[in-house]
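Trainee: okay, sequence plus prediction incoming.
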Amino acid sequence: MSGNKKLMDNIDQLDQALEKGWLDLKRSSVWDELIKEFPRWQRDYESATAFAREFGNPIYDAAARRIGRPFRLVAAQLGLSFVEDFPGLFIDSVEEEIHPRYEVRSFFLEAWYGGRPVGILKISFPHRHDVFDLPDAPSVTLLP
């Protein structure tokens, strides 16, 4: 099976792994700690230099890495690897889409299988700026 077909055939499995990671985080004590620490980090982030803001808010970064654990495990079981660390580089993420209840920031992962590039995954994270919240599970799509 080609790597691109393997990726297409298993995108739902990767998406389910993101939802599992999101649910696991929201049910954990880590979630409460992130909520508690968010105001301090948000103040620091908002007053940071433009250079520092290119790295994103550390609270959301920590949440994304937690959420990504099941995703990375499923990807490894499928024989997939990525150039970037999950969820992708903040500096390469696209501008946020504004929705009525939240914003969505998208990241990109270059997927490899069998030593060859097989596609680009877009990981989209719904979140809020006014408070720490991930109101919906992140999602993954395979870019054409």
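Mentor: That came in fine, so what should we check first?
Trainee: how much space between the spatially most central residue of the chain and Phe107?
Mentor: The structure's the chain has its C-alpha centroid closest to Pro87; by C-alpha atoms, centre = their mean the separation is 4.0 Å. For Pro87, the distance to Phe107 (C-beta to C-beta, to the nearest Å) stands at 4 Å. All C-beta atoms are positioned from the backbone trio N, CA, C, and that covers glycine.
Trainee: what's the overlap in contacts for these two?
Mentor: When contacts are counted by C-beta atoms under 8 Å, 6 or more residues apart in numbering, Pro87 and Phe107 are jointly contacted by Ile123, Phe125.
Trainee: so where's this protein shaky on pLDDT?
Mentor: Applying pLDDT under 70 to the chain picks out residues 1-3, 45-55, 91.
Trainee: hmm, back to that, pretty sure the residue nearest to the centre of the chain contacts Leu121?
Mentor: No - using C-beta atoms under 8 Å, Pro87 is not in contact with Leu121, being 9.5 Å away.
Trainee: what's the overlap in contacts for the two?
Mentor: Common neighbours of Pro87 and Leu121 (C-beta under 8 Å, 6+ apart) are Leu109.
Trainee: give the contact list for Leu80.
Mentor: Gly3, Lys6, Leu7, Ala111, Trp112, Tyr113, Val118.
Trainee: how about a cut-off of 7 Å?
Mentor: Contacts for Leu80 (C-beta atoms under 7 Å, 6 or more residues apart in numbering) come out as Leu7, Ala111, Trp112, Tyr113.
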